[in-house]
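A.B. asks: My questions are about this predicted structure, shown below with the sequence.
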Amino acid sequence: MTKSKDARVTIALACTICVSKGTVGKSTSISRYTTRKNRRNTPTRLEPKKFCVCCHRHTYHKELKK
């Protein structure tokens, strides 16, 4: 069992384009990735550019709230 004060946490990243479209349009799902980040070194939210399988292009993926 991990402690809640660990420096490394698992986060989810969601496509910004798919989230803004919602369920209206071609895409009915949201592209999501999971990754780990160090809470002490990166306290701000991540926003990397990753490939979205729903949009079929590279888009920005924002960190989701927990």
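C.D. replies: It's in. Numbers count the residues shown, from 1 in each chain.
A.B. asks: where's the nearest residue to V19 once chain neighbours are set aside relative to T42, distance?
C.D. replies: The shortest distance from V19 to any non-neighbouring residue, by CB to CB, 6 or more residues apart in numbering, is to I30 (6.0 Å). Where C-beta positions appear, they are placed from N, C-alpha and C, glycine not excepted. Per CB to CB, to the nearest Å, I30 is found 23 Å from T42.
A.B. asks: what about the two, which has more around it?
C.D. replies: I30 (17 against 11; other CB atoms under 10 Å).
A.B. asks: give me every residue that touches the more buried one.
C.D. replies: Applying CB atoms under 8 Å, 6 or more residues apart in numbering to I30 gives the contacts A14, C15, C18, V19, C54.
A.B. asks: ditto for L64
C.D. replies: Listed by CB under 8 Å, 6+ apart, the contact set of L64 reads I11, A12, L13, A14, R32.
A.B. asks: Quick check: which element contains the third one?
C.D. replies: I take that to be L13. strand 8-15 (DSSP states H and E).
A.B. asks: partners of that strand in the sheet?
C.D. replies: strand 32-38 (antiparallel), strand 57-63 (antiparallel) (DSSP bridges).
A.B. asks: CA atoms only for the first one, dumped as PDB, please.
C.D. replies: As requested, the backbone C-alpha atoms of strand 32-38 are provided in PDB (Å, rounded to 0.1, in the frame of the first residue of the first chain):
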ATOM      1  CA  ARG A  32      -6.900   9.400 -22.400                       C
ATOM      2  CA  TYR A  33      -3.400   8.500 -21.300                       C
ATOM      3  CA  THR A  34      -2.000   7.700 -17.900                       C
ATOM      4  CA  THR A  35       1.400   8.700 -16.700                       C
ATOM      5  CA  ARG A  36       3.300   9.400 -13.500                       C
ATOM      6  CA  LYS A  37       4.800  12.700 -12.400                       C
ATOM      7  CA  ASN A  38       6.800  14.000  -9.500                       C
END
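A.B. asks: residues in contact with that strand?
C.D. replies: Residues contacting strand 32-38 (CB under 8 Å, 6+ apart): 7-15, 46, 50, 61, 64.
A.B. asks: Output those residues as a markdown table; include the columns pLDDT.
C.D. replies: Output for the contacts of strand 32-38, formatted as a markdown table (pLDDT from 0 to 100):
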| residue | pLDDT |
| --- | --- |
| A7 | 88 |
| R8 | 92 |
| V9 | 93 |
| T10 | 93 |
| I11 | 94 |
| A12 | 93 |
| L13 | 93 |
| A14 | 91 |
| C15 | 91 |
| L46 | 92 |
| K50 | 94 |
| H61 | 93 |
| L64 | 90 |
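A.B. asks: Since that was my last question, I'll sign off now.
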